[in-house]
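In: I need the structure of the sequence given here:
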Amino acid sequence: MPRLIFRQADGRKVEVLAPAGNTAMEAAVDNGVTGILAECGGACACATCHGYIAEAWLPRLKPMEEMEDAMLDAAIDRRTNSRLLCQIELGPELDGLEITVAENGA
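Out: Okay, the predicted model is just below:
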């Protein structure tokens, strides 16, 4: 099971395990990570699972698709390392993935 490291707005670090095949958004919601609202349930339709991926991990992610890119335009404080966590499918290659939770309107 891949391990993810979330850094929440309050500075707290939360480490979780998630089954391969789940998304980073599901891992956050299932483990109570503060700030990941996931209002659309993972349909890439709301940008409330916005997170900042640690720079070292960006090359390991699948490229961003057009729909995700368009949704991120609606996100608060989009950055070059912004991704929607519902679009990141977990596998063994992402074990240790580091994500900072963005301001998602909570």
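In: so who does the most centrally placed residue in the chain touch?
Out: Centrality entry for the chain: nearest residue to the mean C-alpha point is Leu85, 2.8 Å, by CA atoms, centre = their mean. By CB atoms under 8 Å, 6 or more residues apart in numbering, the contact set of Leu85 is 23-25, 28, 36, 38, 49-51, 99. For the C-beta atoms, the positions are set from N, CA and C on the backbone; glycine is no exception.
In: and for Lys62?
Out: By CB under 8 Å, 6+ apart, the contact set of Lys62 is 88-89.
In: please narrow the contacts of Leu85 to those residing in helices.
Out: Cross-referencing those against helices under DSSP state H gives 24-25, 28.
In: one step back: include distance to Asp69 and neighbour count when you put the contacts of Leu85 into JSON lines, please.
Out: Output for these, formatted as JSON lines (distance: CB to CB, whole Å; neighbours: other CB atoms under 10 Å):
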{"residue": "Thr23", "distance to Asp69": "17", "neighbour count": "19"}
{"residue": "Ala24", "distance to Asp69": "17", "neighbour count": "29"}
{"residue": "Met25", "distance to Asp69": "17", "neighbour count": "25"}
{"residue": "Ala28", "distance to Asp69": "21", "neighbour count": "27"}
{"residue": "Ile36", "distance to Asp69": "20", "neighbour count": "26"}
{"residue": "Ala38", "distance to Asp69": "19", "neighbour count": "19"}
{"residue": "Cys49", "distance to Asp69": "15", "neighbour count": "32"}
{"residue": "His50", "distance to Asp69": "12", "neighbour count": "28"}
{"residue": "Gly51", "distance to Asp69": "15", "neighbour count": "26"}
{"residue": "Ile99", "distance to Asp69": "18", "neighbour count": "25"}
